[in-house]
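In: With the input below, show me the fold.
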Amino acid sequence: MQQFYARTKSNGRKIKVEAYGTGLSDRVVRAVHANCRSALEKAVQEGLIRTNPAIGCKLPPKKSREMKVLTANEVIRFLTRAKEEGYYELFLLELGTGMRRGEILALKWSDLNFTTGELRIERQVNVFNKEQVISTPKTKSSIRTIILPPSLLQILSDYKKNVDSEWIFPSPLDNTKTRHPSAVRKRMQIILERAGCKKVRFHDLRHTFSTMALESGMDIKSLSSMLGHVSSATTIDIYSHITNTMQRQAAAKIDRQIGGTEAPIPRADERVRIDTDQPKFEPYKLKVRKSGTGCVTMINDHLFEGRYTPTNAYGKRESHNIYAKTREECEEKLAELIAKVKADIKAEKERLKTVNESFSLELQ
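Out: Down below sits the predicted model:
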C-alpha cells in the first residue's frame, strides 16, 4: 500500500500529462488512501482479511488552502459590477447566506417562502462527465432552512418578475436547466477583475460571509447551522483566527466590567473593515451588441457558443449555433455563420417568390 501511494504521488496521472505532469497532488493521494482504507475496512468486517493494510501508511501532509476574504470595499465594488452584468441577485444571495456553489445554483422558487422568509436548501448541482446532475447534499446537516432578511426578499421578489423558470438562477441558454457551475465561476473571475478586486474562489465568498457574520456578533452555533456544517467544532476549526479575536474581545470587556480597568478591546480583522479614503468606484458599461450580430456566450473555461436567431423565409425564428475554444475564434465563426445564414434566407425568399408568381400565373 505504501509503495502504491508513492507511485500514485510521482507517476499517477493518466490524463492531461502534458499540462500538469505525471504526478498527483497530496490531496488526491489522501483521497485515494481514504477510498482504499474504506474498502479494505469492509473486507475486514466481512472476514475476508484479518487486518486493514491501509492503516498506518505514511501519507502526504494535509494542507489547507489559504483562506481569502473580500474587504468591505471590495464587496461593494464586486456587487456594483455584478449588477451591471446581470449577476447581482446571485452573488448578493451568496454573500448574504454563505451557501455552497452547488446549493445556490440548485435553488427553486418553491424553496423560498416570501411570507416567512424561509429558504429551504435540499439539493445541489454537480457536474459528472460534463453533464449537470441534481443530487441531495452529502450530509444531513447540509439539508437546512435559513431565514432571509426582508431587504433581500424584496430584491428577489422584484427579480422573480423577470424569470420564467422553476429555478431561481436558470441557464441563459435553457431555462429548464440551472446555470452551469463552471460558467458561474468564470463569470465571477471576470467581475472581480473588472471591479478591481483580488482574485478569489467562489468558496471564498462563503468565507467572506462567515467572517463578516462572526465579526458582526453572530454566535458560532447559528453560523454553523447556516453553513450546514456537521458540528460547531468544524466552524471553530475553520475560522479559529476570527473566534480567537472574539475571545480576546470578550475577555477585555469582562475585565472592564468586573475589574474596572481600561483594558483595550482588540480590533477586528483589518481585512473586512471599510476604507473610507478610497475613491468612489464607477463601473464601466459593457458594449451593447448591434441587432443582427448574434451573441456570444461562455459555456465553460474552454468553450464559447455563438448564437444567431433570425426570422427565416417562412416567418419563423430559427436558431443557429457555432462553438469555439476562444472568444475571438467564436466571433469570427459567428460572423461567417451570419453571412451564410442571411444569404440562405435571401435565396429561399427569392425561390418562394418565384414559386408564388408561377402558381399565380397558373391560376390565371
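In: could you say which helix or strand contains S38?
Out: S38 is part of helix 26-45, with elements assigned from DSSP states H and E.
In: Give me the contacts around that helix.
Out: By C-beta atoms under 8 Å, 6 or more residues apart in numbering, the surrounding residues in contact with helix 26-45 are 1, 4-5, 8-9, 12, 49-55, 57, 59-63. Just so you know, the C-beta spots here come from the backbone N, C-alpha and C atoms, and that holds for glycine as well.
In: Among these, name the ones in strands.
Out: With strands taken from DSSP state E, there is no overlap with the contacts of helix 26-45.
In: From those, list just the buried residues.
Out: Burial by neighbour count, judged by 16 or more other C-beta atoms under 10 Å, picks out Y5, T8, K9, G12, N52, A54 from these.
In: how much space between the closest residue to the fourth one other than its chain neighbours and T293?
Out: By that I understand G12. On the basis of C-beta to C-beta, 6 or more residues apart in numbering, the spatially nearest residue to G12 that is not a chain neighbour turns out to be L24, at 4.4 Å. Using C-beta to C-beta, to the nearest Å, we find L24 at a distance of 45 Å from T293.
In: And the strands in the stretch 51-200 of the chain?
Out: Remark: strands assigned in the stretch 51-200 of the chain by DSSP state E, counting those that start in this stretch are 118-121, 124-128, 131-135, 144-147.
In: okay, the ones you listed, which one's buried deepest?
Out: Most buried of the strands of the stretch 51-200 of the chain, by mean neighbour count (mean count of other C-beta atoms under 10 Å): strand 118-121, with a mean of 18.
In: any idea of the mean pLDDT in that one?
Out: For strand 118-121, mean pLDDT is 95.
In: now what about it, what contacts it?
Out: Contacts for strand 118-121 (C-beta under 8 Å, 6+ apart): 97, 99, 103, 107, 111-113, 137, 142-148, 228.
In: Would you agree the residue nearest to G12 is in contact with K9?
Out: Yes. Shown here, L24 and K9 form a contact pair, counting by C-beta atoms under 8 Å, at 6.2 Å.
In: Neighbour count for L24 and T293, which is higher?
Out: L24 (19 against 12; other C-beta atoms under 10 Å).
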